[in-house]
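Colleague: model the following, please.
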Amino acid sequence: NVNALVHIARANMVVAGCEDGTCRIFRILSAAEEDGGAGRGGFSMFNLRSLKGHTKEVMALAALSWLVSGSQDGTVRLWDLSSGECTQTLAGHSSWVMAVAVGYADGSSGPESGAPCYLLSASGDGTALLWVDAGPPPDKHAPP
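Modeller: Numbering: from 1, shown residues only. So this is what the prediction gives:
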C-alpha cells in the first residue's frame, strides 16, 4: 500500500512512500514517448527503482532535486535520485515521522544562490524539528 506521494516535475517522476518501508520511483511516460510519437494520448508510469533503508512504513515525502522520506521508524532519510543511495539519515524523533518539508531559505529551487537548505520534520512525539543545511553535497543536486 502507498502512504505518501510526491511529484518531481522537472525529472518527470513520481515517488511513492510504501507500507513495506520502501520509496518507489516511477518515470512518467506520455503515450508519444511509449509509442514512438504515434500520438495516441495518455500517460503511463514505469517503475525505475525501489529505495530501501527504512525499517518501517514510509509516511511522508518531499523533494527538490533529491528526495526526503519520513518513516514510522522515527528517521528522516535523504536520497540521491540518480543513484538511489541514501546520503543521510537524520534521527531525533522518538516516534514516527508524519510530515516532511524541504526548501531553500531564499525560496529558490536549487543551491546556486548559496542559501541554506531547510528541512522540517514533524513527529507523533509532538515535536517539529528544523534541520538547517540538510541535504546532499552540491554535486548531488542535479536531477536524474
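Colleague: okay, strands next: where are they in this protein?
Modeller: 2-8, 13-18, 23-30, 43-51, 58-63, 67-71, 75-79, 86-91, 97-104, 117-123, 128-132 (DSSP state E).
Colleague: rebuild those strands as TSV, extending it with distance to G110.
Modeller: (C-beta placed from N, C-alpha, C; glycine too.) TSV is the format used below for the strands of the chain (distance: least, Cβ to Cβ, whole Å):
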stretch	distance to G110
strand 2-8	13
strand 13-18	17
strand 23-30	20
strand 43-51	22
strand 58-63	13
strand 67-71	15
strand 75-79	16
strand 86-91	16
strand 97-104	7
strand 117-123	10
strand 128-132	17
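Colleague: for the protein, where's the lowest mean pLDDT among helices and strands?
Modeller: One helix or strand of the chain scores below all others by mean pLDDT, DSSP states H and E: helix 31-34, with a mean of 62.
Colleague: would you quantify the distance from the closest residue to S94 other than its chain neighbours to G21?
Modeller: Distances taken as Cβ to Cβ, 6 or more residues apart in numbering place D125 nearest to S94, at 4.5 Å, with adjacent residues excluded. According to Cβ to Cβ, to the nearest Å, D125 and G21 sit 20 Å apart.
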